[in-house]
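>>> Fold the stuff below for me.
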Amino acid sequence: MTDVVFLDTSVLVRVITGDVPHLAERSERLIREVAAGNLTVRLSDTVVFETVHVLATLYGSDRTWIRDSLMPLLNLSGMLLPDKDLYGEVFDRWIRERSLSFADSYHLSLAKSLGITGIISFDRKLNKEPAVRLVVP
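Okay, the predicted model is just below:
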């Protein structure tokens, strides 16, 4: 068994954008090792959030393109990520509900998956999930 190492946002951004060729090539080589089962990497939700943020704001990428570019990487068996199975719904919600941020999409999807029936917030946009009612304090 190989050691698990932490994967940072910069590698995902380089693989997806290819904008710095020598770093993209090194990142792609690393991802090929993960895909082949020769390397296991751990990433956190914050890495996913930062990747989405960078692609959306710095690169101006479309939400659907971001999902289609990032999900195949997240779905690699060598990518260890808590609540990994949640991200399909998070991205679908984020694409469908244009008024929601990625974080809001994640929070609604997570609450629903945990069986939490309410979300306390002043943000009325969070009233988008029938299974999770908005509770305004």
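
>>> What ranges does this structure have for its strands?
4-6, 40-42, 79-80, 118-120, 133-135 (DSSP state E).

>>> Which of the residues in the fourth one are classified as buried?
Buried residues in strand 118-120, counting neighbours by 16 or more other C-beta atoms under 10 Å, are found at Ile119. Bear in mind the C-beta positions are built from the backbone N, C-alpha and C, glycine included.

>>> Make TSV from the strands of the chain and add mean pLDDT to it.
Output for the strands of the chain, formatted as TSV (pLDDT from 0 to 100):
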stretch	mean pLDDT
strand 4-6	95
strand 40-42	98
strand 79-80	97
strand 118-120	96
strand 133-135	95
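
>>> so who does the most centrally placed residue in the chain touch?
Centroid-nearest residue in the chain: Val48, 3.8 Å away (criterion: C-alpha atoms, centre = their mean). By C-beta atoms under 8 Å, 6 or more residues apart in numbering, Val48 lies in contact with Leu70, Leu74, Leu81, Tyr87.

>>> ok, back up a step: could I get the strands of the chain as TSV with distance to Ser101?
Listed next are those as TSV, based on distance: least, C-beta to C-beta, whole Å:
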stretch	distance to Ser101
strand 4-6	25
strand 40-42	25
strand 79-80	23
strand 118-120	14
strand 133-135	15
